[in-house]
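1. let me see the structure of the following:
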Amino acid sequence: MASISPFKALRPVPQLAAQVASRPYDVLNSSEARQEAAGNPDSFLHITKSEIDLPENIDTHSTQVYDKAKENLQDFIRKGVLIQEEKPLYYIYRLIMNGRSQTGLVCASSVDDYEKDVIKKHEFTRPDKEADRIHHMQTIRAQTGNVFLAYNSVGAIDDLIEGWKHGHAPAYDFVAEDGIGHTVWVVDDEGTIQAITALFATEVPFTYIADGHHRAASAAKVRKALGQGASTASDYFLTTLFPSAQLQIMDYNRLVHDLNGHSVEELIDALQKEFFVGRVDKAFQPQQLHEFGLYVDGGWYKLVAKEGS
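-> Coordinates of the predicted model:
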C-alpha cells in the first residue's frame, strides 16, 4: 500500500506566488530559461536553472552552477520570498487548462515504495540526467522537482479533498502567463492529515509515475548516498498525486522539420520495413500499444509496429 507523508514545505509568500512559479527545469534550455526569467528576480528558475545567473558559456553541470543554486535558494529564504512551514502539512493543488480542471494532493512519497515497486515506473532513466538532479539535491539540500504520480480513484479520498476545497479559502490562486490556472489549499488540520494518510495506506495499493522518472530515481540514489544517520527527510521525495478519474492523457507528438532530402514516398518505403503503414482519411490517434499516427504532406497515416521491431 502507498505510504505518503505530510511535510514542512518551503513555499512562496502569497503575494509573490505568481512571480515565483515557473515551468519545470527540464522543459526549458538555458537560453529559454534566461529569457523567461528576465526582469523577474523571484522566478524559481534562478534555483532550478541557476546557470541563468552565470556567464552564458558556463558548463551547466559544473560545480559553480550547483553552488549558485544553493546561494540563490538561501537568498530567497533570506529575502522572505520563500517561507517554511512550522509543521508537516498536506497541500491540495488544482490546475485548470482550457476550462478543464484536475486536483491532486501534494505530499511526500516513500523512497521505500519506489524501490519496492509500489510506485510503478514505465520509463528507463539516463545516468547523465540522474547525475544532474543528484548533484542539485545534494548541494542545495532540497528537492525542487515535483514527481507527478497517478492512482486509481478512491471515493473517500475524493470526498475528503473536495470537502476541504469547498470549506477553506485557498492560499494561492492565480493564472500563469500561459493561461493555466493554479490554486493551492493548505491542509493544516491534524485529523484531516491523519485521515488522508490512512486512506492511502489502506485504499491505494500502487501509484504510477506519470512524469518525473529521473527526479524519483535521483531521490532514491541521494538517500543511498547519504547512508546511515541521514535525516528521515531523505526517506521521502516530493510528489503530487492525481486520481485517475481526473486525468487526461494528451497527445505527445514529435515534429520533424524536414525529410533530409528524401521524398515522402521514400519515407513511407523506409517506414514499411518496421511498420504496417496505411493511409487514413482523418487525424489518427493511437488506440493501443505500438500504434502511431503520422501526418506528412497534408495527409494522415496509421502505423502499427511489426512484431519484433
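
2. the lengthiest strand in the chain pairs with which strands?
-> In the chain, with assignment by DSSP state E, the single longest strand is strand 100-110. Using DSSP bridges, strand 100-110 pairs in its sheet with strand 4-5 (antiparallel), strand 90-97 (antiparallel), strand 236-243 (antiparallel).

3. now that strand: mean pLDDT?
-> What strand 100-110 shows for mean pLDDT is 97.

4. would you mind listing the buried residues in that strand?
-> 103-110 (16 or more other CB atoms under 10 Å). For the C-beta atoms, the positions are set from N, CA and C on the backbone; glycine is no exception.

5. just flag the most distant two among those residues.
-> For the buried residues of strand 100-110, the farthest-apart pair by CB to CB is Thr103 and Ser110; their separation is 22.0 Å.

6. what ranges do the strands span in this protein?
-> With DSSP E as the criterion, the chain has strands spanning 4-5, 10-12, 82-84, 90-97, 100-110, 119-120, 147-151, 172-175, 181-187, 207-211, 236-243, 275-280, 291-296, 299-305.

7. ok, now which ones touch Gln246?
-> 101-104, 153 (CB atoms under 8 Å, 6 or more residues apart in numbering).

8. try Glu123
-> With CB under 8 Å, 6+ apart, Glu123 has these contacts: 209, 213.

9. try 10 Å this time
-> The neighbours of Glu123, taking CB atoms under 10 Å, 6 or more residues apart in numbering as the test, are 209, 211-214, 217.

10. try Asp132
-> So Asp132 contacts 25-26, 60-61, 65-66, 126, 214, 218 (CB under 10 Å, 6+ apart).

11. just give me the neighbour total for Glu237.
-> Residue 237: Phe, not Glu. When neighbours are defined as other CB atoms under 10 Å, Phe237 has 28 of them.

12. contact partners for the residue lying closest to it once chain neighbours are set aside?
-> Spatial nearest neighbour of Phe237, chain neighbours left out: Ala219 (3.6 Å); criterion: CB to CB, 6 or more residues apart in numbering. Counting by CB under 10 Å, 6+ apart, Ala219 touches 108-109, 111, 114, 133-134, 137, 143, 145, 147, 212, 234-239.

13. quick revisit: what's the closest of the contacts of Gln246 to Asp75?
-> Gly104 (29.6 Å).

14. ok, that closest one - contacts?
-> By CB under 10 Å, 6+ apart, the neighbours of Gly104 are 91-95, 146, 148-151, 161, 239-243, 246-247.

15. cool, and Val175?
-> Contacts of Val175 by CB under 10 Å, 6+ apart are 18, 96, 181-183.

16. same thing but 7 Å
-> By CB atoms under 7 Å, 6 or more residues apart in numbering, the residues touching Val175 are Gly181.

17. could I get the full set of helices for the stretch 151-300 of the chain?
-> Counting by DSSP state H, counting those that start in this stretch, the stretch 151-300 of the chain has helices at residues 155-167, 190-203, 213-226, 264-271.

18. which one, of those, ends up nearest to His46?
-> That would be helix 213-226 among those, by CB to CB, at 18.9 Å.

19. got the angle between that closest one and strand 147-151?
-> Here helix 213-226 points in a direction 110 degrees away from that of strand 147-151 (axes from the mean of the first three to the mean of the last three CA atoms, to 10 degrees).

20. buried ones in helix 213-226?
-> Buried, per 16+ other CB under 10 Å, within helix 213-226: 213-223.

21. equivalent analysis for stretch 46-58, please.
-> 46-54, 58.

22. farthest pair within the contacts of Glu123?
-> Longest span within the contacts of Glu123, CB to CB: Asp211 and Ala217, 12.9 Å.

23. can you flag the buried ones in the contacts of Gly104?
-> By 16+ other CB under 10 Å, the contacts of Gly104 give 91-95, 146, 148-151, 161, 239-243, 246 as buried.

24. residues in a beta bridge with the nearest residue to Thr240 once chain neighbours are set aside, which ones?
-> Spatially, and ignoring its direct neighbours in sequence, Thr240 is nearest to Gly104 (4.4 Å; CB to CB, 6+ apart). Beta-bridge partners for Gly104, by DSSP bridges, are Tyr93.

25. what separates Pro24 from His214, distance-wise?
-> 11 Å (CB to CB, to the nearest Å).
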